[in-house]
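Asks: Using only what follows, build the 3D model:
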Amino acid sequence: MAAPDDVQDAREDRLKFPIRMDILLRPFMLFLGATPSNAYVEVAGGEIRLRFGPAFDHTIARENVSSVAPLSWSLFDGFGVQAGGQIVGLIGSLGGVTELRLHRPVSLRFAGWPWVVDRIAVSLEDPDAFMAYLNDATESGERAG
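Replies: This is a model prediction of the structure:
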């Protein structure tokens, strides 16, 4: 039987990055069911889970992310779950918005509406840590491959 130190806890692989929600916008986010406890991006193994309340919960393959970078998001682009063109935004703040660009488009669904996108914008509490983590992992994979 393996000693407890020899067994890796699956939770160690999971990193959760909370979505930034400005205090003044939180009442509006409640219409979507989005709260600080259920609005986040979670990186686990080869997957990235995007959650913004109970109505938006999707997982994409980490290998499908071609780049991650800061993105300027306008007040006119809106808040909450926003879609237009080839981008979907999970936005609770104008600050900390980070864009995931994808190699291949993915189909996402919100409130019954399907969207095919190749870009995902997320307002994060710690966008620098998220970008550093994904960029380090991408570079490590490129060196190994």
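
Asks: can we go C-alpha only for contacts and neighbour counts from here?
Replies: Will do.

Asks: Surely residue 72 is within a helix?
Replies: No: using DSSP: H, G, I helix; E, B strand; the rest coil, the assignment for residue 72 is coil, not a helix.

Asks: thought it was touching residue 97?
Replies: Yes: in this structure, residue 72 is within contact of residue 97 by Cα atoms under 8 Å, at 6.7 Å.

Asks: The two: which has the busier surroundings?
Replies: When residue 72 and residue 97 are compared on other Cα atoms under 10 Å, the one with more neighbours turns out to be residue 97, at 24 against 12.

Asks: shouldn't the more buried one be in contact with residue 127?
Replies: Yes: here residue 97 reaches residue 127: they are 7.1 Å apart, a contact under Cα under 8 Å.

Asks: by contact count, what packs against the top strand by length along the chain?
Replies: Assignment by DSSP state E gives strand 97-110 as the longest strand of the chain. Judged by 3 or more Cα pairs under 8 Å, 6 or more residues apart in numbering; DSSP states H and E, the packing partners of strand 97-110 are strand 65-70, strand 113-123, helix 127-144.

Asks: Ok, which of these comes nearest residue 32?
Replies: The minimum distance between residue 32 and those falls on strand 113-123, with 14.4 Å, by Cα to Cα.

Asks: which outside residues touch the closest one?
Replies: Residues from elsewhere that reach strand 113-123 (Cα atoms under 8 Å, 6 or more residues apart in numbering): 19-21, 71, 83, 85-109.
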